[in-house]
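Enquirer: Predicted model, plus sequence, below.
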Amino acid sequence: MRVFNYVGKNIRRTPYQALAATMIMFLTFLTLLLFLLIAIGSQKILQHYESKPQAIAFFKDNATGEDVDAIEAALKQTGKVKNLRFVSKDEALQIYRDRNKENPTLLELVTANILPASLEISTNTPSDLAIVAQILQQEPVVEEVVVPEDVIKTLTKATGVIRWVGGVSVGFLIGFSVLVILMIIGFKIRIKRNEIEIMRLLGASTWFVRAPFLWEGITYALIGAVSAWVLTYALTWYFTPFLQPSLAEIELLPVSPIIMVELLGIAILASLTIGFIGSFSAVRRYLK
């Protein structure tokens, strides 16, 4: 308790330095938490589209059940197919009606006879689409093969860019935060050098002298991390009603409380690490 009282006095005596350090920690962890949320969301979006049919083969009217079974067997033998779903003419008509139920004029002249049967294929990875498409195009009963490969590739690249840019930004801010704590704690050590000399002459242990400075740096980081987490949670709840309609098919919002608790744990562990490294570096440098 004596150590923590000493830490409180140090912070109250230099409020502007404490505020500057806390704000830097706050911006660092706000960036970290937002980056983690964006990375998690982009990964879920990518998984959502990868789980959907990535290739659709439309059959000619003369295709038989045996032809469809043979094509399915050939695709399964490649080991690159995750899921297959045959859609008959009647099922295609029902899907068409469901998608256009708000526009009755589009339903009047459409019957099951004019809609083709199809086979929806999901592959293990987007790179497997080319092989699957090549097999389907060689089948005489297949009229057309639709492969939205560009969508998956674009999402994969976007996810990679988000991770790279976010990782670099967070890494820079973490390094900057450690330097800020090092400079502030080092400055306070230089100011209190006479008081520290007196404490040592009176027999104070090395831990008693160093502990307040170590806990002070950790306190700055911890306050910044918790404050950033509170703001991040508030922002997710505020923007959820606006973003949820556009992401109705993707189970992304609202953010699960379990995920937010995990992010809080990550932020606290990171704050303890950053605060300790910065303050310990200052103590080791200036308290010899």
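Expert: That came through, no problem.

Enquirer: can you count the residues close to Lys157?
Expert: Neighbour count of Lys157, defined by other CB atoms under 10 Å: 10. For the C-beta atoms, the positions are set from N, CA and C on the backbone; glycine is no exception.

Enquirer: Can you name every helix or strand that the lengthiest helix in the chain contacts?
Expert: As assigned by DSSP state H, the longest helix anywhere in the chain is helix 149-191. Helices and strands touching helix 149-191, by 3 or more CB pairs under 8 Å, 6 or more residues apart in numbering; DSSP states H and E, are helix 15-51, helix 129-137, helix 206-243, helix 257-286.

Enquirer: Kindly recompute the last result at 10 Å.
Expert: In terms of contacts (3 or more CB pairs under 10 Å, 6 or more residues apart in numbering; DSSP states H and E), helix 149-191 is packed against helix 2-13, helix 15-51, helix 129-137, helix 206-243, helix 257-286.

Enquirer: Look at Val255 and give its secondary structure.
Expert: Using DSSP: H, G, I helix; E, B strand; the rest coil, the structure places Val255 in coil.

Enquirer: Could you verify my assumption that it touches Leu34?
Expert: No - contact between Val255 and Leu34 fails when scored by CB atoms under 10 Å: they sit 11.8 Å apart.

Enquirer: shared neighbours of these two, anything?
Expert: Residues within reach of Val255 and of Leu34 at once, by CB atoms under 10 Å, 6 or more residues apart in numbering, are 232, 236.

Enquirer: quick revisit: quick one, the longest helix of the chain and helix 257-286 angle?
Expert: Helix 149-191 and helix 257-286 are oriented at 40 degrees to each other (axes from the mean of the first three to the mean of the last three CA atoms, to 10 degrees).

Enquirer: so helix 149-191 versus helix 206-243, what angle?
Expert: Here the directions of helix 149-191 and helix 206-243 differ by 150 degrees (the same axes, to 10 degrees).

Enquirer: So what angle separates the directions of helix 149-191 and helix 15-51?
Expert: Using the same axes, to 10 degrees: helix 149-191 against helix 15-51 is 160 degrees.
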